[in-house]
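Undergrad: sequence unavailable; structure follows:
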């Protein structure tokens, strides 16, 4: 993610999530959080212009990767972009020597849970009433061993 991507990421964030991160949150992650990595997938329109199709913010905390935010624009869903983005982030973390990964997901978001389970994430805890908009529970999911995750070439992508 580059500074120039923040406006598109923020606009997408506002459309997707009921309790979106703030613009200042993204600026902080990009410019001032040394433990943060941010990634985008861009889509070209054929005229040399690109738009953000998906993004991820993750934190490298000791030997653990924490996926703080990951999303794909609705019009780009069901094309494998979330799988590619998550695969890239996990592969990069494993290359850096991180051992495990965690994330929170809404208890009702079965599609996201299936994506994460496909990479080997398992539910390790439930956080009751975690989300402020509707007090939905969050599931804490963990991938206990990053190095054990087999990532095929389809999930690999170039750093952006």
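TA: Arrived safely. Here the structure is a predicted model, which is why all the values come from computation and not from measurement.

Undergrad: what separates residue 136 from residue 71, distance-wise?
TA: 17 Å (Cβ to Cβ, to the nearest Å). To be clear about C-beta, it is placed using only N, CA and C from the backbone, and glycine gets the same treatment.

Undergrad: should've said residue 118
TA: Distance from residue 118 to residue 71, by Cβ to Cβ: 17 Å.

Undergrad: what does stretch 10-19 rub up against?
TA: By Cβ atoms under 8 Å, 6 or more residues apart in numbering, the surrounding residues in contact with stretch 10-19 are 20-21, 23, 26, 52, 55, 69, 71, 73-74, 131-134.

Undergrad: quick check: ChimeraX command selecting the buried ones in those.
TA: Here is the ChimeraX command that selects the buried residues among those (16 or more other Cβ atoms under 10 Å):
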select :20,21,26,52,55,69,71,73,131
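
Undergrad: show only the entries of the contacts of stretch 10-19 found in strands.
TA: Of the contacts of stretch 10-19, the ones assigned to strands by DSSP state E are 52, 55, 69, 71.

Undergrad: report the two of these separated the most.
TA: Using Cβ to Cβ, the ones in strands among the contacts of stretch 10-19 span at most 13.0 Å, a distance reached by 52 and 69.

Undergrad: what do the two both touch?
TA: The overlap between the contact sets of residue 52 and residue 69 (Cβ under 8 Å, 6+ apart) is empty.

Undergrad: neighbours of residue 92, how many?
TA: Per other Cβ atoms under 10 Å, the neighbour tally for residue 92 reads 19.

Undergrad: confirm it sits in a strand?
TA: No - assessed with DSSP: H, G, I helix; E, B strand; the rest coil, residue 92 is helix; it does not lie in a strand.

Undergrad: distance check, the residue nearest the centre of the chain against residue 30.
TA: For the chain, residue 70 is the residue whose C-alpha lies nearest the centre (Cα atoms, centre = their mean; 2.6 Å). The gap separating residue 70 from residue 30 is 16 Å, by Cβ to Cβ.

Undergrad: for the helix or strand hosting residue 43, packing partners?
TA: In the assignment (DSSP states H and E), residue 43 maps to strand 36-44. Where contact means 3 or more Cβ pairs under 8 Å, 6 or more residues apart in numbering; DSSP states H and E, strand 36-44 is packed against helix 23-31, strand 50-61, helix 81-95.

Undergrad: all good on my end, thank you.
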